[in-house]
Structures are given as structure tokens and as C-alpha cells.
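**Student:** take this sequence and fold it.
(one chain, ligands or ions: 1)
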Amino acid sequence: MSQRIALVTGGTGGIGTAIVKRLSKMGHKVATNYRDEARGRAWQEKMKAEGYEVTLAAGDVSCPDQGAAMVRDVEKQLGPVDILINNAGITRDATFHRMTPQQWDEVICTNLNSCFNVTRAVIEGMRERKWGRIVQISSINGQKGQYGQANYAAAKAGMHGFTISLAQENARMGITVNTVSPGYIGTEMVMAVPEEIREKIIAQIPTGRLGTPDEIAYAVSFFVPEEAGWITGANLSANGGQYMGW
Ligand code: NDP
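**Tutor:** Numbers count the residues shown, from 1 in each chain. Below is the predicted model:
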């Protein structure tokens, strides 16, 4: 496959880093965003020490202007974005009767509005060039719901509607749009959950363990090659068998 330009949002995080590495190993030029420059540069140096050249651009993807500016910066440094992985995400858990408007808004803006903000900035270029790969990182909890995560489950379920609509609109333009729905992965996001709750979660996973970021990166990479050009509007669950429905 020819070398492409890939943008992974939230590439400095647990799953994002694994996606950045896998796309780099596939031969693509990869960029990601940072919000805190010092942390972003430190991560970039660490990647460099491991043999990965990753381009950085500043941007909070929950903000439309910053999302668009971040894409423009990446395009200035590397060229037009061919592969977009909408991966940046946060949790602000609370049972709904206690959830604040801020907890709701932060999660919807970061996990769902970000898909609009960043994808809107790349889609016209992909349509002009008649090639593109867009993958949303959703969640098992967007498929089955989760106690204490009405905000997160709503945002992640929304990504599926976004994916299948965008897939229809762009199918004739050489652009595929798909979703990966991870189960529980041993990143900081999940390790921050109290241990007794984590043990209960693991007990519900048929494989008997948390997933790894590399296993999610592998699922993402499935949608990227030329040979995946007929796969669009799909959702790939990667969850150790914890949820086997849609
Ligand atoms: P991490 O917390 O490790 O990483 C999240 C990344 O997103 C960080 O790079 C973070 O950057 C970035 N980010 C957060 N908010 C913003 C923002 N407003 N603008 C730009 N970047 C932002 O999370 P994971 O790697 O675990 O999760 C990655 C994705 O996978 C998320 O969408 C998550 O919902 C999803 N997921 C994770 C699961 C898991 O078990 N871990 C399970 C299912 C889905 P910064 O350093 O600036 O905060």
C-alpha cells in the first residue's frame, strides 16, 4: 500500500499510542494532537526514542475552531489527511440523577462533537481526492449502555449513527467510514476505576482479562488498507466476547 497521511486524535493516550505505532509500522506518516505542549513534546520524544517519527499539532478537538486549526496545521506539516482515526475521548461518570450539565457537555463535546469538528475539516479534501479512511473509536458501552455513563454511552452510540450516515454519503467517493467498539482495555482510563469494580468487570469478560491497546490498534488497522475498500458502515467489536450483539 502506498504511504498515506494519518491523523489519530488523542494519539498520546493509551489506545491512541498503539494506533499511532501500528499505522507507522504500516508505512504511513502519522500525526496527532496535544493540548498540553510540554506533555505532547515529551511523548513525541519518547516515540522518537522508540523509532517512531510522529508529527504534532496543537488542538482541543472538542472545540470546532481548534479541531479545524489542528487539521490545517497537520496538512501544512505533512500534506492532506487520508486516514482519520477519531480516538480522543474522556469519561465523566455519574448516575444520571446526579449528573451535572458540565459532565454531560464535556463528554458529548469531547467524544461526539469532536467527530464533527475534525472530520468536517478533512472530508472535503478526501472527497476531492476520492480516497479516505475514517474510523471512530466508540465503546462497548455505546452498544449496551452502562450504569453511571449515560453521557458516555450517548456519545459513543451517537458515533455509530454518525458512522453509518457518513458511510452512505461518501461510499461513491472512495471513502470508507467504520467504527471500532473496544471493550475494557487496560489503559489509564480503566486502571482509574476502583480495583473491586475492575475485578467485577473482568469477571464478565469471557476471555477473563482486559484487552490491550495493541489489540484495538489491530482492529483499527483492519479498515485501512486498499483491500478494505468495500467495508464501510461497519462496526467491529473488540471486547473479549463481553458483548456479542451489534
Ligand atoms: P486515554 O485517557 O489514555 O487517552 C485519551 C486521549 O484523548 C489522550 O491523548 C487525551 O489527551 C486525548 N484527549 C482527551 N480529550 C481531548 C480533547 N478535548 N482534545 C484533544 N485530545 C483530547 O484514553 P484511552 O486510550 O483509554 O481511550 C481512547 C479512546 O478509546 C477513547 O475514545 C475512549 O472512550 C475509547 N475507549 C477506551 C476504552 C478503554 O477501556 N480504555 C474502552 C472503550 C473505548 P490529553 O493528554 O490532552 O488529555
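**Student:** would you map the helices across this structure?
**Tutor:** Under the criterion DSSP state H, helices of the chain are mapped to 14-25, 37-49, 64-78, 101-107, 114-129, 140-144, 150-170, 188-191, 195-203, 213-222.
**Student:** which stretch in the ones you listed has the least confidence?
**Tutor:** Among those, helix 188-191 carries the lowest mean pLDDT, a mean of 85.
**Student:** what about that one, near the ligand?
**Tutor:** Yes. Against the ligand, helix 188-191 shows contacts by Cβ under 6 Å from any ligand atom at 188-190. Where you see a C-beta, it was placed from the backbone N, CA and C, and this is true even at glycine.
**Student:** interface residues of the chain facing the ligand?
**Tutor:** Contacts of the chain with the ligand, taken as Cβ under 6 Å from any ligand atom, map to 9-10, 12-16, 33, 35-36, 39, 60-62, 87-90, 110-111, 137, 139, 182, 184-185, 187-190.
**Student:** one more pass at 5 Å, please.
**Tutor:** Counting by Cβ under 5 Å from any ligand atom, the residues of the chain close to the ligand are 10, 12-15, 35, 60-62, 87-90, 110, 137, 139, 182, 184-185, 187-190.
**Student:** any chance of the helices of the chain in a markdown table, with mean neighbour count too?
**Tutor:** As requested, those are arranged in a markdown table below (neighbours: other Cβ atoms under 10 Å):
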| stretch | mean neighbour count |
| --- | --- |
| helix 14-25 | 23 |
| helix 37-49 | 14 |
| helix 64-78 | 18 |
| helix 101-107 | 15 |
| helix 114-129 | 19 |
| helix 140-144 | 21 |
| helix 150-170 | 19 |
| helix 188-191 | 14 |
| helix 195-203 | 11 |
| helix 213-222 | 20 |
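**Student:** residues in contact with the spatially most central residue of the chain?
**Tutor:** The centroid of the chain falls nearest to N87 when counting by Cα atoms, centre = their mean (1.6 Å). The contact partners of N87, by Cβ atoms under 8 Å, 6 or more residues apart in numbering, come to 8-11, 13, 15-16, 19, 137.
**Student:** now it. Its backbone dihedrals?
**Tutor:** N87 adopts backbone torsions of phi -110, psi -20, taken as degrees, to the nearest 10.
**Student:** which ones among the residues of the chain next to the ligand map onto strands?
**Tutor:** Counting by DSSP state E, these place 137, 182 in strands.
**Student:** which PyMOL command selects the buried ones in the residues of the chain next to the ligand?
**Tutor:** In PyMOL, this line selects whichever of these come out buried by 16 or more other Cβ atoms under 10 Å:
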select buried, resi 10+12+13+14+15+60+61+62+87+88+89+90+110+137+139+182+184+185+187+190
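**Student:** please report the distance of the residue of the chain most remote from its centre from the ligand.
**Tutor:** What lies farthest from the middle of the chain is H97; by Cα atoms, centre = their mean that is 28.5 Å. In this view, H97 and the ligand are 23 Å apart by Cβ to the nearest ligand atom, to the nearest Å.
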